[in-house]
Structure formats: C-alpha cells, structure tokens
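Colleague: I would like to see how this sequence folds:
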Amino acid sequence: MLKRLILAAAILMAATAAHAATLDSVRQKGFVACGVNVGLGGFSMPDSKGIWRGLDVDVCRAVAAAVFGDSGKVRYIPTTGTNRFAALQSGEVDILSRNTTLTFLRDVTIGLRMVMVNFYDGQGFLVSKTAKVSSLKDLAGGTICMLQGSTHELNLADWMKQHNIQFNIVLLDTTDVLIKTMLSNRCDAASSDSSNLASIRGAGVPNPDDFVILPDRISKEPLGPMVRKGDDQWLDVVRWSMMAMLEAEEQGVTSTNADQMLADSTNPTVQRLLGKSGDFGKQLGLDNAFALNIIKQVGNYSESYERNVGKGSSLKLDRGSNALWTNGGLMYPIPFR
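Modeller: Numbering: from 1, shown residues only. From the prediction side, this is the model:
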C-alpha cells in the first residue's frame, strides 16, 4: 500500500512539473516567445518603427501582461506555413499565434492544442478586375496560387471533386512571394483566408481598386493560437487571457475605464474579472490582477479588433461572425465564475 502511495505521489509530482513547465520557463527567461506570421497586415506585421502589431500579436501581448504585468515582454519569431508547427513543437516558441486554422488532424496528431478561436474566417479568392470573372466557377482550367502548408490546398481539392472542375495549383512559401507571383500574372487568382486576401488587397498591392475578392467561400477557417499538448496550466493561461478580453467587451470594460470600473462597479462578474473578488489569477498561477493588466495595456477584444482589422484599420472588416453572441456573432466568453 505504501509503495502504491509513493508511486502515485511521484506520478502526481511529475505531472504537476510538466504542467508548469512552460509558465516557469517563460518567467525564467523573462519574455513570451511568440510565433507569428512573417508579415500579414492586421494580424502580425512590424510597423515602420519595427513594432509588431496585429490581432494575433495582441494575443501574445495579452499573455505577457497576464504573466509579467507588462505586455511588452514578448519576443516575436516570424514563422512560415511550413515551419510554424515545428517551431512550437521544438520549444522555439511558447505560443503559435499566426492565422492558423483548427482542424481535426492538427488537434489530435501533431502534439499541439488549439487554445480557442480568435477570428472566424473562410477561404476566398482574389482576382484582378481585368479577368472579368464573378465566381470561382468562371476560373475553370485556370491557375490558382496559394500558400504551402495551409489547409487551402485540401479545401480546393475537395471543392474540385465536388464540382468536377479542375484548376492548376501553384504552392508558394510566403505572402510576399504570393503577391509578386500574382502581380506577374502567373496566377489567375490567389486563394487564402479571406482576411489574408483583404490584407493583401488593402496594403500588399500597388492599386487595391484593381483587385476584387470573389463572393465564394469554400471552407470554414476558425483561426486561433496553439500551444504544446500536455501543459494544461499554460493552455489555461493563454485561453483565459483571451477570454478576459472577450468578457471585458461584454461587460463594457475598456482600456480607458478599467480603473474606474475596478473602483466603482458593483457587477459581481466585473469584480471577479478585474481581481477585486475571488482568486481567479492565483488559480492560474498568476496575479489576481492579470485580467486588469491585459485590459489596461492591450484592451478588450473589440478594441483590438477595431484598431487592427476593423473600422480603425486599413482592412476595415465588419465584425460579422466575430461579433459577440449578443450581437449575432460567434464570440461567446466562458463565464468568469
């Protein structure tokens, strides 16, 4: 009996150590290593001063604010569609926050876990207006360029089988190469997440008005960050950092009123969210003010969305499916209680 108890205790200690590995490692090195896109406007791209900005970047800034109380303690590691998973698997990055689609195979076979969706998207097609096409079927027999290592190749293969229409597929490494190939007229269309195409059209080509995104959407692309499998504490830290931004939007807490809400709000949910009551931070291994730090330094989800991809950005994307559930969207924060 004693031997069994000792063995059980050893297993529990080993599991606890494994679960705490990433959080401890991040604290020891003093920053969050964040795997991002090599450059995708609105999601992850350095500005003219070299400061990384975007919706995916804000996920890593939120985690840094939660762990350190400082959203600036992030090191950004550019990754491509082909090396992104290896970068996370190897420990080169702590979070992969890079317009990555959640799929069955990615969730169960490569040793990684999707945290949650931070942008609902769908695969679309960008064409030159001179092509004078109005739908994907009009491109039958043409050449479509897309990024290697994405879900888009299989999506299009399934669509071709279903509609008995064939395309020539050209696979490319990066968005920059995709744009250059498209501008050289080697492609009749570029295919990617619709948000990526909006970024390309808005900032990647010399004359945005020369291009149009077709109305066809041939897939569901739930995008979000990933972490390594088997580290539940780190998964919880990242997930609840993101949930805090959503809950803050739902409760009307913003970067500008967070301190006032902390002092004056009698809403029990707001009090728990901002650390005035309960020990929600401590249960994650963080300070109870973790969500307050996120909201003050990064903002709620609406603030992040609008400045990066919404009406305050060059992309000017409507919220659509990415609106809160209370506004007809799919964003539904899990309750803080």
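Colleague: ok, residue 45 to residue 101 distance?
Modeller: Residue 45 sits at a distance of 19 Å from residue 101 (criterion: Cβ to Cβ, to the nearest Å). Just so you know, the C-beta spots here come from the backbone N, C-alpha and C atoms, and that holds for glycine as well.
Colleague: what's near enough to touch residue 39?
Modeller: Residue 39 makes contacts with 45-46, 78, 174-176, as judged by Cβ atoms under 8 Å, 6 or more residues apart in numbering.
Colleague: hang on, I meant residue 224
Modeller: Neighbour list for residue 224: 100, 102, 114-119 [criterion: Cβ under 8 Å, 6+ apart].
Colleague: Please spell out the PyMOL selection for the buried subset of these.
Modeller: Filtering the contacts of residue 224 down to the buried ones (16 or more other Cβ atoms under 10 Å) takes a single PyMOL command:
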select buried, resi 100+102+114+115+116+117+118+119
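Colleague: can you put the contacts of residue 224 in a markdown table and add distance to residue 256 and secondary structure?
Modeller: Shown next, in a markdown table, are the contacts of residue 224 (distance: Cβ to Cβ, whole Å; DSSP: H, G, I helix; E, B strand; the rest coil):
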| residue | distance to residue 256 | secondary structure |
| --- | --- | --- |
| 100 | 31 | coil |
| 102 | 33 | coil |
| 114 | 32 | strand |
| 115 | 27 | coil |
| 116 | 26 | coil |
| 117 | 27 | coil |
| 118 | 22 | coil |
| 119 | 24 | strand |
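Colleague: nearest to residue 204, of the contacts of residue 224?
Modeller: residue 119 (18.3 Å; Cβ to Cβ).
Colleague: And the helices in the stretch 1-150 of the chain?
Modeller: Along the stretch 1-150 of the chain, counting by DSSP state H, counting those that start in this stretch, helices occupy 2-19, 21-29, 55-68, 84-89, 104-109.
Colleague: Also the stretch 201-337 of the chain?
Modeller: Taking DSSP H, counting those that start in this stretch, the helices of the stretch 201-337 of the chain run over residues 232-251, 258-264, 268-273, 290-297, 301-308.
Colleague: Who are the packing partners of the third one?
Modeller: Meaning helix 268-273. helix 232-251 (3 or more Cβ pairs under 8 Å, 6 or more residues apart in numbering; DSSP states H and E).
Colleague: Could you give the average pLDDT over the helix it packs on?
Modeller: Taken as a whole, helix 232-251 has an average pLDDT of 98.
Colleague: Report the buried residues of that helix.
Modeller: Buried residues in helix 232-251, counted by 16+ other Cβ under 10 Å: 233-251.
Colleague: looking at this structure, which helix or strand is least sure?
Modeller: Between all helices and strands in the chain, the lowest mean by mean pLDDT, DSSP states H and E belongs to helix 2-19, at a mean of 39.
Colleague: Mind listing residues that contact stretch 273-289?
Modeller: Contact with stretch 273-289 is made by 20, 23, 66-67, 69, 233, 236-237, 240, 244, 247-248, 251, 253, 258, 261-262, 265, 268, 270-272, 290-293, 295, 336, as judged by Cβ under 8 Å, 6+ apart.
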